[in-house]
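Peer 1: Dropping the sequence and predicted coords here.
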Amino acid sequence: MPPVTTSIHVSLEVNAPVDAVYERWSRFEEFPQFMENVMEVRRRGERMLVWRVAVDGRIREWTAKILQTTPSERIEWHAEHGHPSAGAVALQAVGPNRTKVTLTVDYLARADGDGSRLDPQRASDEAEENLRQFRRMIEEERGQRGLH
């Protein structure tokens with residue numbers, strides 16, 4: 001069966017100003033705090049990130065390059081080695097203390113060595129849950145500091 005490109009597109013609103021959301025999202029090394037399957041993200045230089053992710057009991061590792069960063073607006077990346085994927089997070093202020101976060105990821109849903117495929121619905125559900133976890137985390141952090 002030939003590889004198929006799958007797109008994930010999820011968004012939600014966060015009760016925090018766009019600058020705070022951008023600053024928090026750009027701490028890539030802290031992604032394991034809100035992304036369930038992400039074990040580790042390491043910086044390698046200014047624009048490279050090494051990802052280690054657990055999927056169905058298997059460890060996957062790949063290197064992604066940050067293509068674009070527009071403060072308080074957008075971060076865009078693509079995988080250079082390993083898991084074929086690309087994506088972006090776009091941020092839009094919808095109020096002084098409210099931000100719309102939109103995550104888009106395109107990946108090659110290829111068969112793994114065991115013949116299994118990455119399930120697009122499951123990947124979309126996980127991305128949506130990761131965004132909900134991100135929202136909970138940033139809103140709790142801001143609440144603990146008395147920021148709204």
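Peer 2: The structure has been received and is ready for your questions.
Peer 1: mind checking how far the longest helix anywhere in the chain is from the chain centre?
Peer 2: The longest helix of the chain (DSSP state H) is helix 120-144. Here helix 120-144 is found 10 Å from its chain centre; the criterion is Cα atoms, centre = their mean, to the nearest Å.
Peer 1: Helices of the chain, start to end?
Peer 2: Using DSSP H, helices in the chain cover 18-25, 120-144.
Peer 1: in the longest one, what counts as buried?
Peer 2: Same thing as helix 120-144. Judged by neighbour count (16 or more other Cβ atoms under 10 Å), helix 120-144 contains these buried residues: 123-124, 126-127, 130-131, 134-135, 138, 142. Any C-beta I mention is one placed from the backbone N, CA and C, and that applies to glycine too.
Peer 1: Then stretch 64-81?
Peer 2: 64-66, 75-77, 79.
Peer 1: Tell me which of the helices of the chain sits nearest to residue 38.
Peer 2: The minimum distance between residue 38 and the helices of the chain falls on helix 120-144, with 8.3 Å, by Cβ to Cβ.
Peer 1: What is that closest one packed up against?
Peer 2: strand 5-14, helix 18-25, strand 98-108 (3 or more Cβ pairs under 8 Å, 6 or more residues apart in numbering; DSSP states H and E).
Peer 1: what's the angle from it to strand 5-14?
Peer 2: 20 degrees (axes from the mean of the first three to the mean of the last three Cα atoms, to 10 degrees).
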